[in-house]
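Participant: Have a look; sequence and predicted model below, questions after that.
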Amino acid sequence: MPTALRNPWVQLVAGVICMAMIANLQYGWTVFVDPLVQTNGWGRAAVQVSFTIFVVVETWLVPFEAALVDKYGPRVMVAIGGVLAGIAWVIDANAHSLAVLYTAAVVAGIGAGIVYGTCIGNALKWFAGRRGLAAGLTSAGFGAGAAVTVIPLTVMIKNSGYEHTFLFFGILQGLVILGVSMLLVTPPKSSPEKQKVSPRVLVGNRDFVPREVLASPVFYVMYVMFVLVASGGLTAVAQLAPIANDRYINNFPVTLFAITAPALTYALSLNNIMNGITRPLLGFVSDKIGRETTMFGAFLLEGFGIFALMQWGTTPVAFVLLSGLVFFAWGEIYSIFPATTRDHFGQKYATTNYGMLYTAKGTASLLVPLASVITAKTGSWTAVLAIAAAFNIIAAFMAMFVLRPLRERDLRNRGALPPVSPAAAATATT
Amino acid sequence: MHIRLSRTLALGTAAALLAVVVPAGTRPAAAESGEISALVASNAKGAFTQLIKQFEVKHKGVKVKVEYLGGAEIGKRIDNNEPVDVVLAGSTVLDKEVQLIEPPTPVLQNKEMILVPKGNPAKVHSLKDLANPGVKLSMGTPTSAVGRLASQVIQNAAADYGFDFVTNVRKNIAVASEKGSDVVDAIGPKANAGITFASDVNPKKFDAITIDEKYNVTSTYSMTVTKNAKNAALGKDFVALVRGPQGQETLKKFHYMPPPK
């Protein structure tokens, strides 16, 4: 094994490339929908069921796939994930019945889930002092990949048909993942990164097996917080167009940072940019000032941002800037939560343990349709946004006043933190 | 024998030529039967009730099964690949469905207009006056075709009048309705002004105030058949009738503008 590969940064870059290669399975799908409908005579809704199947499988199977990753290492699992991701699009290229299309979605979901879970897990295991940054860069790679390939996909579909495009990109993406997976190395038992962990970051001293994690109150507190923030963020994004339309600002031209665009288009573009920036940035901040402090600040900012969007986002410029703030303050859950999971529950089963927490994303997405029900009942998006803001504020206070004390107590009981001195305890109680 | 063959050939050629030369929409009524399905934008109900009667007269035995729907619902039905024979919808709807429909034929245009009850109690004389205190406005919701265009008109005007214009107009909204007909019905009983389609003008009940061309928005409505229509030929005949002189005359009576050339 070449020594150069046993470098956290090499492992990180390899992970980001693999993540970028599965991005099209989620973000590139939309350009195939119409050609599939037209060629095969299926309804658009029926074709979109395939996407829902992909997301469900990709999210909910991660814990089981991750268990295999922790057992067999990243190389073999990412190689399998890459092959499955490639095969899925080869099946799509030849799918002439919905049953076959849905089968391809299951295969794609398994493949993408393996690659996603492994790459995040690998970043968590190779890094110590910059764990939040590493998880943030890896999860940002998932979105960045599609940004590069969506135009070539569109052009190829137009020139050569969707079947050829599925085949070409399926094989290409599969081969790249397969090739890059050979660079992945099972991390050492403790994170090898030289950078020391900030004293503000609480880190445990032993590896929890998944069964222990499921018995830990810390896991459930984090799960609830993840669901609160993710559902709040997803709901706010979904309500953006109705808000702009109701306020008669959707098409109003806005000029900011030398770019002019209609207010709603501008806000939606900011979504992708801010969501990408915030993952590594706030992951990095959490490495310096601690996970819970960063969560407190970010979730409070998110709650305030949603409230401000409701109250003051009535002019086009305010709408764009405040929606940018909303997007900025919720994307970091995909870097801070994985880092916190590894900090608290240890190295050995980090992939499985985060995989279990990652299902909170699936739970959150199941809550989002409830927003439509509330909007329909109340006739306005105000109640929905108020709930989303409240969710974030609750999660912020949970970070500081539930999660942090719970983790401190847990780590003290395990001997990972020094016991509280009687003097300090007395000060705390007076 | 030779002469009989030549006569048969000549008759056949003449019949074929006639079929090519006579446009589909003006063909005499033939003995046909069956039903064609139509999805029609709800704001064109009045005109299309008459147009369907004209089509059924031309195609004796053929019934048009029509549904008058909002644009979003029409788009959804096309998305589901329903075998609809003929569709009338705004370009914003049909532009998203190009993969599933034959190239659309524009058949009419519509614009926004301000309607006030006779006597104009709120003294509204221009678009700018809609921001004045005391105006009670009837509008379409932003999800309706009539409301979406009204919103665009107001945003266009705000470029000159300032964003306060948008804020003040929104404050004056007394009734917001999903259907264009409800927007009109509220003018008088619940509102003293409304922004509606020009095709809703009724000189007996309302005074109409035109909106400056600089701010107004023209919406084009087109007809088409879906790619998996069961009676595509009849659907195309209906499109030809609406686009032809008889159809255009009917649409003109309902205050629609002709399609772009």
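Facilitator: Cool, the structure landed. Residues are numbered from 1 along each chain as shown, chains lettered A, B, ... in the order given.

Participant: how about low-confidence regions in the stretch 151-300 of chain A?
Facilitator: Along the stretch 151-300 of chain A, segments meeting pLDDT under 70 span A:190-194.

Participant: How many residues are close by the residue of it found nearest chain B?
Facilitator: Here the stretch 151-300 of chain A gets closest to chain B at one residue, residue A:245, 3.6 Å apart by C-beta to the nearest C-beta. Backbone N, C-alpha and C define where each C-beta goes, glycine included. Look at residue A:245: counted by other C-beta atoms under 10 Å in any protein chain shown, it has 18 neighbours.

Participant: show me the contacts for it.
Facilitator: Taking C-beta atoms under 8 Å, 6 or more residues apart in numbering or on different chains, we find residue A:245 in contact with A:264, B:142-143, B:148, B:151.

Participant: got it, and residue A:175?
Facilitator: Counting by C-beta under 8 Å, 6+ apart, residue A:175 makes contact with A:82, A:86.

Participant: about what we covered before: which strand or helix spans the residue of the stretch 151-300 of chain A closest to chain B?
Facilitator: In the assignment (DSSP states H and E), residue A:245 maps to helix A:240-246.

Participant: So which bits of the stretch 151-300 of chain A are right by chain B?
Facilitator: Proximity of the stretch 151-300 of chain A to chain B, by C-beta under 8 Å from any C-beta of the partner chain, involves residues A:242, A:245-253.

Participant: Can you go through those residues and name the buried ones?
Facilitator: Neighbour counting over these (16 or more other C-beta atoms under 10 Å in any protein chain shown) leaves A:242, A:245-252 as the buried ones.

Participant: quick one: residue B:106 is in a strand?
Facilitator: Yes - assigned with DSSP: H, G, I helix; E, B strand; the rest coil, residue B:106 falls within a strand.

Participant: Tell me the secondary structure at the residue nearest the centre of chain B.
Facilitator: What sits nearest the mean C-alpha location of chain B, by C-alpha atoms, centre = their mean, is residue B:44, with 4.6 Å. Look at residue B:44: counting by three-state DSSP, its state is helix.

Participant: Can the strand or helix carrying residue B:93 be said to contact chain A?
Facilitator: Residue B:93 is part of helix B:91-94, with elements assigned from DSSP H and E. No - figure legend: helix B:91-94 not in contact with chain A (C-beta under 8 Å from any C-beta); closest approach 12.2 Å.

Participant: Quick one: mean pLDDT for that helix?
Facilitator: Averaged over helix B:91-94, pLDDT sits at 86.

Participant: Can I get the helix holding residue A:245 in CSV, CA atoms only?
Facilitator: C-alpha atoms of helix A:240-246 as CSV (Å, rounded to 0.1, in the frame of the first residue of the first chain):
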residue,chain,number,x,y,z
LEU,A,240,-40.3,30.4,-1.1
ALA,A,241,-42.3,30.7,-4.4
PRO,A,242,-45.7,31.1,-2.7
ILE,A,243,-44.3,33.9,-0.5
ALA,A,244,-42.8,35.7,-3.5
ASN,A,245,-46.0,35.3,-5.5
ASP,A,246,-48.2,36.5,-2.7
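
Participant: Which element, helix or strand, includes the nearest residue to residue A:312 once chain neighbours are set aside?
Facilitator: Among residues not flanking residue A:312 along the chain, residue A:318 sits closest, at 5.5 Å (C-beta to C-beta, 6 or more residues apart in numbering or on different chains). Here residue A:318, judged by DSSP H and E, is contained in helix A:316-328.

Participant: Sweet, I'm off.
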